[in-house]
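**Q** no sequence on this one, just coordinates:
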């Protein structure tokens, strides 16, 4: 696309009449503004001098402690605050992973599809990203093993596997338990790290709780990432990494040069939020808000999309992933969609191998139920027209 | 030092009885906690849904606008919000500068001495840092020119000059107006960028306002950095960069991969703070707080330090820079100082050429007046004993 076209597109995308399934934003209605009023007041009143000052690079000790306790509840073993570092959003954690583990020309493995922000972060380190297909049970472990062996035959030792095992962004799928175990085995056999990115794990609609891969990690081969962005508020820019003491020491040195420390004020707020006991209740409220949205999206898809598409019903998280019939290019179709005032992200954006041309990611957490229904109607008619041209 | 010694040292340094001139922290008494209570309440009440959401990578438009207006008041020309990007502290801006402009093996010029955080950030990009001496009027422009020519003779084209022209960290000095002009001339002649880091410019005790180098920059060779850390609170982790549209576009792409955006909540707070009109008054309050501390430090130095030291009376900022007589190594002396429960940062830490062995940086913003007097007394006796050993 030429620059003028992109500008035009951006202008249209900012049109308030456009219904956007494109972003990865939580619903603004999910922000606990009332709770935060109280928390922020008390943080300033009782901890103002510390909360407004520089903090340690690793993060607020009491927050790291309560995160460690939670991690143990989720099944991780022997986690103390020394295994936890606070980052400025998970994006910073992904940047740190790239900075620590990737030299120019190094290889890392990601899903096909995989989270765009991870791909971007790793690419800035001039790495080679190799994709392994993701199906309805997450990344395919046979294909992963095949790919690693193929790389090793060419004397290429990948540095890590990047995976979003639970309610994957963008595909919405969950890596099965047996594959989680298998991934650990593969990582150990081939001396690879696993970067487990878990922003959505708590947004669980109709599936029993899955243990994180990190909970199966007896040999410290997993670096675990999670965030306050999806369970509290992205505007605080706070996330955390969990890994071995050894990795954490390197992370701290790296983060020191990146931003000295994450927002101390935000960390005090997040700490009060976790310790006040309102977090679990709040997560339940978010789930109750997002589940009907997922349902609306699925129902509307059935009602308005022409036959021939594929979509797994996401059991949690924020995204549905749709693959359209042969002949459709979702990147090209986006221009028609935006003219009909509906937006999504085309599938190629999430593929390091140029694939995904028939797919698109649809976010259901941000739009209202009414917007979802209307937006899916618009999108259905865009697809229908496109299919008619194709046929 | 062996690791066990460092651990021992750190333990001692955390002793609350240690008076620390080591940090670069603002006084916690300078934080406008009362003002912030009101601001934060109103931000959550009136803008909660936006302030807790993801924001644009460049930063909150209204905040960028008011920063641009301020920059124009400070003498910069043709600055609009499009020339301003919000960063997660100046440390992130320094990291972005390194990431954008330095490839492994590239050369950049810094002061002798220069800010440690800048040096650290640039070093992570495996660059070569060349030092140019700083005297009482800031970086020496003749030596700068000489150094650049010498490098060019060896086919080395430095990428930028990194400078803290006003109340330099660590030396406390101000780059004279004529040198500011000269620096621009040199940058243009040799096709170099100037990275102007200006965190302390507003903390002015007894010198008339100096225009930033960026105000003399008709050809867009200056990238200007400043921060809320020293005029509001470091705990928000908010700073800003000002540069040409062209540089800003690259910065935005880079920042996107680093942390998506800086804290939206913090940006709304900083915006209200700037627009409420309480900022100027607050800066006056900080100056009234720090100036007597500077005076106490200077008086105590005269009273308690043995003859033979050199120190320029800093006209603003947060640091004094002391050079002791021949024969003293401030890195070694630090062990004695810490035993006497007083801390500083030794001069070598700020020198990329291994120099600065007789110097030390003393912070006067964080300790109270009473602590400054007592700490300088302790430090004076440490120096005296050391000198007696030397003689």
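**A** Done, it's in. Please read all numbers here as calculations on a predicted model, not as lab measurements.
**Q** would you map the helices across the stretch 51-200 of chain A?
**A** A:61-73, A:89-101, A:116-123, A:141-153, A:177-189 (DSSP state H, counting those that start in this stretch).
**Q** out of those, nearest to residue A:256?
**A** helix A:89-101 (10.8 Å; Cβ to Cβ). The C-beta positions use only the backbone N, C-alpha and C, and glycine is treated the same way.
**Q** can you list the neighbours in contact with that closest one?
**A** By Cβ atoms under 8 Å, 6 or more residues apart in numbering or on different chains, the residues outside helix A:89-101 that reach it are A:87, A:108, A:117-118, A:121-122, A:124-125, A:127, A:159-160, A:162, A:193, A:195, A:197, A:199, A:223, A:225-227, A:229, A:234, A:237-241, A:247, A:250-251, A:254-255, A:258-259, A:262, B:124, B:257-260.
**Q** quick one: buried ones out of these?
**A** A:87, A:108, A:117-118, A:121-122, A:124-125, A:127, A:159-160, A:162, A:193, A:195, A:197, A:199, A:223, A:225-227, A:229, A:234, A:237-241, A:247, A:251, A:254-255, A:258-259, A:262, B:124, B:257-260 (16 or more other Cβ atoms under 10 Å in any protein chain shown).
**Q** look up how far residue B:296 lies from the residue nearest to residue A:214 when sequence neighbours are not counted.
**A** Excluding the flanking residues, the one nearest residue A:214 by Cβ to Cβ, 6 or more residues apart in numbering or on different chains is residue A:224, at 4.0 Å. Distance of residue A:224 to residue B:296, given as Cβ to Cβ, to the nearest Å: 49 Å.
**Q** chain neighbours aside, what residue packs nearest to residue A:121?
**A** residue A:94 (4.0 Å).
**Q** which residues touch residue A:189?
**A** Contacts of residue A:189 (Cβ under 8 Å, 6+ apart): none.
**Q** for the helix or strand harbouring residue A:247, packing partners?
**A** Residue A:247 belongs to helix A:245-259 when elements are defined using DSSP states H and E. Packing partners of helix A:245-259 (3 or more Cβ pairs under 8 Å, 6 or more residues apart in numbering or on different chains; DSSP states H and E): strand A:84-87, helix A:89-101, helix B:89-101, helix B:116-123.
**Q** in JSON lines: the ones you listed, plus mean pLDDT and distance to residue B:19.
**A** Output for these, formatted as JSON lines (pLDDT from 0 to 100; distance: least, Cβ to Cβ, whole Å):
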{"stretch": "strand A:84-87", "mean pLDDT": "98", "distance to residue B:19": "29"}
{"stretch": "helix A:89-101", "mean pLDDT": "97", "distance to residue B:19": "34"}
{"stretch": "helix B:89-101", "mean pLDDT": "97", "distance to residue B:19": "26"}
{"stretch": "helix B:116-123", "mean pLDDT": "94", "distance to residue B:19": "21"}
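**Q** columns distance to residue A:306 on top of the ones you listed, output as a markdown table?
**A** Output for the helices and strands packed on helix A:245-259, formatted as a markdown table (distance: least, Cβ to Cβ, whole Å):
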| stretch | distance to residue A:306 |
| --- | --- |
| strand A:84-87 | 43 |
| helix A:89-101 | 36 |
| helix B:89-101 | 46 |
| helix B:116-123 | 53 |
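**Q** contacts only, for residue A:375.
**A** Shown in contact with residue A:375 (Cβ under 8 Å, 6+ apart): A:19, A:20, A:21, A:342, A:367.
**Q** most tightly surrounded among the helices of the stretch 51-200 of chain A?
**A** Mean neighbours per residue, mean count of other Cβ atoms under 10 Å in any protein chain shown, is largest over those for helix A:89-101, with a mean of 25.
**Q** now for the nearest residue to residue A:111 once chain neighbours are set aside, how many residues are close by?
**A** Closest residue to residue A:111 apart from its sequence neighbours, by Cβ to Cβ, 6+ apart: residue A:134 at 4.4 Å. By the measure other Cβ atoms under 10 Å in any protein chain shown, the count of residues near residue A:134 is 24.
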